[in-house]
Each structure stands twice: as structure tokens, then as C-alpha cells.
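Novice: attaching a predicted model along with its sequence, questions to come.
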Amino acid sequence: MTSSLLTVSRPEGRWFPVIRPYTPISSLTKQGSVELMVRKYPNGKASTHIHSLAPGDTLTFLTALKGFPWSPNKFSQVHLIAGGAGITPIFQLIQGILDNPADKTKINLIFGVNNEQDLLLREELESYKTRFPDRFNYIYTISHPKEENSPYRKGHVTEELLKTAVTVDKDSHVFVSGPPAMEASLLGSRSAPGILSRLGFAKGQIYQF
Ligand SMILES: Cc1cc2nc3c(=O)[nH]c(=O)nc-3n(C[C@H](O)[C@H](O)[C@H](O)COP(=O)(O)OP(=O)(O)OC[C@H]3O[C@@H](n4cnc5c(N)ncnc54)[C@H](O)[C@@H]3O)c2cc1C
């Protein structure tokens with residue numbers, strides 16, 4: 001579980017191929033096809049190339065990259081912090097846990113996006129919430145809401161939000177997947193601790209996709 005696929009794109013007009021990982025959002029046990037969700041960045045070499053593909057075109061997969069070595073009930077609770085398209089590996093983990101009847105791990109998702117349209121996989125997440133109300137909880141936080149009466153929290157994923165949204169205990173683990181600025185503020189650097197360590201999480205309790 002939690003692996004991504006290394007793709008090779010050959011964008012038109014470029015000498016060198018571009019290698020980028022993408023995470024399947026289809027169940028990993030599904031045979032015969034794979035579903036990717038790729039966010040298009042206007043100047044993004046691989047993402048614009050993948051968006052230009054038409055039915056019948058090919059995309060080369062180099063290999064699968066191993067992610068976190070998950071085993072059921074490894075932790076009593078996981079806190080999953082996703083930003084934008086970073087939801088894909090987090091969603092794969094949610095699917096793997098909740099689709100496995102033997103796994104009783106509780107999931108607390110904090111999903112930060114720019115606007116309501118960026119709330120990817122919203123229906124799938126809401127369906128899990130309906131099926132697992134006691135084990136799956138999510139908070140959406142939107143930095144630049146477009147809807148006037150947006151029902152969601154406004155703002156970025158901040159220390160203030162995480163103080164109330166996550167409980168730090170030895171038996172929990174945190175998974176982070178988001179844009180560079182969000183990851184930097186959560187994880188910090190060698191010289192400056194990030195939000196997660198200020199909240200009390202040990203390094204070994206944090207996994208960055
Ligand atoms: C393990 C792993 C799994 C991933 N899975 C997915 C996935 O399932 N779906 C998905 O869409 N992406 C995923 N990504 C990100 C993906 O691999 C590429 O980094 C992304 O598509 C950008 O590549 P690019 O060649 O289009 O952009 P590049 O040519 O590398 O970058 C060009 C410009 O695009 C913008 N840009 C690029 N990346 C970001 C970013 N993360 N945030 C904000 N702006 C950015 C910047 O302006 C940058 O200067 C994953 C990354 C990792 C490490």
C-alpha cells in the first residue's frame with residue numbers, strides 16, 4: 001500500500017524526458033487498469049504533457065515506488081495532512097485502511113486547498129465518512145474560498161488549527177503530503193522545528209510522502 005508510479009513523459013520540443021511520480025487513486029488490488037489524478041500546472045512539464053494525451057496515446061511507467069510500509073492496526077490513530085493534489089497518496093492510504101475489514105485504525109484527515117474546486121475526491125471522502133462515522137473524520141480548510149457562504153473553515157493549515165484538530169499520543173502517526181510551502185511549515189528544517197514537532201510529535205511519528 002501507499003506506492004506511486006514513476007512515469008516518463010516526453011513533452012514536445014524537449015530533448016530530455018521528464019520523470020515524475022504519480023499515485024494511483026484506484027484501489028491497488030484492482031487488476032488490469034490504473035487511475036491517476038494529475039493536477040495541471042501551467043508551466044509543469046510532465047503534468048501539461050499528461051493532460052495533452054488523447055485516447056490511444058501511451059504513457060510509460062518506469063517502476064512503482066514503495067511508500068510507507070503499512071500494516072493493519074499498526075497505530076490506533078493516524079493524522080493525515082494533505083494540501084491540494086497531495087491528497088492522492090493520502091487517499092490511497094485511506095482506501096487501504098477503510099476497505100480492509102481487519103484494519104480498525106482511526107483516521108483524522110486535515111485537507112487544505114485554495115478554493116472549493118480544489119476539494120478533490122470530495123464525494124469519495126464523504127462516502128467513507130458516511131460508512132465509517134466513528135473511524136473517519138475530516139476537516140477541510142480553504143485559503144481562498146470562492147463561495148460566499150462557504151461552509152468550510154477559512155485559512156491555511158496552521159499551528160492554531162492543528163492544536164485543536166490533532167491529539168498527540170504515542171500510539172498515533174502523522175502523514176504529510178502537500179505543496180512545498182505547506183510541508184516546510186509542518187516539518188521545519190534542521191535549524192528550526194516545524195509545527196508538528198512544536199506540537200509534540202517525535203520525528204519517528206511523522207512520514208512525508
Ligand atoms: C510520491 C509523489 C507522488 C505524487 N503523486 C501525484 C499525484 O498523484 N497527482 C499529482 O497531480 N501530482 C503528484 N505528485 C507531484 C508530481 O510528481 C509532479 O511534481 C507535479 O505533477 C509537477 O510536475 P511538472 O513536471 O508538471 O512540473 P515542473 O515542470 O516540475 O514544475 C513547473 C512549475 O509547476 C509548479 N509546480 C510544480 N509542482 C508544484 C507543486 N507541488 N505545488 C505548486 N506548484 C507546483 C511550479 O510553479 C513549478 O515551477 C507526486 C509527487 C510525489 C513526490
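Specialist: Structure received.
Novice: surely Ala46 meets Thr7?
Specialist: Yes: contact criterion CB atoms under 8 Å: Ala46 and Thr7 qualify, at 6.8 Å. Every residue, glycine included, has its C-beta placed from N, CA and C.
Novice: shared neighbours of those two, anything?
Specialist: Overlap of the contact sets of Ala46 and Thr7 (by CB atoms under 8 Å, 6 or more residues apart in numbering) consists of 19-20.
Novice: once you drop chain neighbours, what's closest to Thr105?
Specialist: Spatial nearest neighbour of Thr105, excluding adjacent residues (CB to CB, 6 or more residues apart in numbering): Ile97 at 5.1 Å.
Novice: residue nearest the centroid of this structure?
Specialist: Ile87 (2.7 Å; CA atoms, centre = their mean).
Novice: that's a helix at it, yeah?
Specialist: Yes: according to DSSP: H, G, I helix; E, B strand; the rest coil, the state of Ile87 is that of a helix.
Novice: what about the closest residue to Ser33 other than its chain neighbours, helix or strand, and which?
Specialist: Leaving aside its chain neighbours, Ser33 sits nearest to Ser26 (6.9 Å; criterion: CB to CB, 6+ apart). When elements are assigned from DSSP states H and E, Ser26 belongs to no helix and no strand.
Novice: rewinding a little: dihedrals phi and psi, the residue nearest to Thr105?
Specialist: According to degrees, to the nearest 10, the main-chain angles of Ile97 amount to phi -70, psi -50.
Novice: okay, it and Lys74: tell me how far apart.
Specialist: As defined by CB to CB, to the nearest Å, Ile97 lies at a distance of 10 Å from Lys74.
Novice: repeat for Ile19
Specialist: 31 Å.
Novice: same thing with Phe91?
Specialist: Noted for Phe91: a distance of 19 Å to Lys74, by CB to CB.
Novice: related to what we said a few turns ago, now for Ile97 and Lys74: what residues contact both?
Specialist: With CB under 8 Å, 6+ apart as the test, Ile97 and Lys74 both reach Thr105.
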